[in-house]
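Asks: Fold the following for me, if possible:
(one chain, ligands or ions: 1)
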Amino acid sequence: MIKYNLECSCGEKFESWFQSSNEYDKLSKKNLISCYACGSTKDVKKSLMAPNVAMSKNTVVKDNDQKKEFYTNVKKKLKDLREYVEKNAEYVGDKFVSEVRSIHYDNKKKRSIYGTASLKETKELTDEGIEVATIPWIPKEDS
Ligand SMILES: [Zn+2]
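Replies: Below is the predicted model:
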C-alpha cells in the first residue's frame, strides 16, 4: 500500500491509499480517482511534495561563535588553496591573459599559471573555451 497526497482542481487536498504506484497511474490515466469534495474525477492529481529547503531556520548559523568558526574554516581553506596554487603554478601577474591564451593555443608548453585578470577578461577567456578559475585570494598575513 502506498499513500499519496492528492489535489483536485477545486482546491481540495486529501490523502488516498493505493495498492501500488502502478495502480495509481492506471486509475489516474482512466480518470477513476474522484475528489471526495466535489466528486470530480477529471483533475485529481498527485500533489507535489514540498521539498526540504536547505537553509531552513534550523540550519542558519545561530550565534557568533558558530559564525566565527565558519569564517575561520573558510579562511583556512582559502589559505590552503593559495598555498597549493603557489606551489603548483607559476605566477605571471598581469600577463595572465596573454600567457593563458598562448598556452591554450599551444604556442607554449602546457603549464599551470596564475595571475590577475579583470572580470571582463575572464569572461572573454571562458567564451573562447579556455578554462579559468577565479578564486578568492586572501593575504597571507592574517590579522
Ligand atoms: Zn474537487
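Asks: what's the following helix or strand after the top helix by length along the chain?
Replies: Longest helix of the chain, by residue count under DSSP state H: helix 64-88. As assigned by DSSP states H and E, the chain's next helix or strand after helix 64-88 is strand 90-93.
Asks: one step back: summarise which helices and strands the longest helix of the chain is packed against.
Replies: Judged by 3 or more C-beta pairs under 8 Å, 6 or more residues apart in numbering; DSSP states H and E, helix 64-88 has no packing partners among the helices and strands. All C-beta atoms are positioned from the backbone trio N, CA, C, and that covers glycine.
Asks: got the buried residues for that helix?
Replies: 82, 85 (16 or more other C-beta atoms under 10 Å).
Asks: can you pull out the helices in the chain?
Replies: 21-29, 64-88, 96-104, 119-127.
Asks: So residue 10 sits against residue 35, correct?
Replies: Yes - contact criterion C-beta atoms under 8 Å: residue 10 and residue 35 qualify, at 6.2 Å.
Asks: Between those two, which has more neighbouring residues?
Replies: residue 35 (21 against 12; other C-beta atoms under 10 Å).
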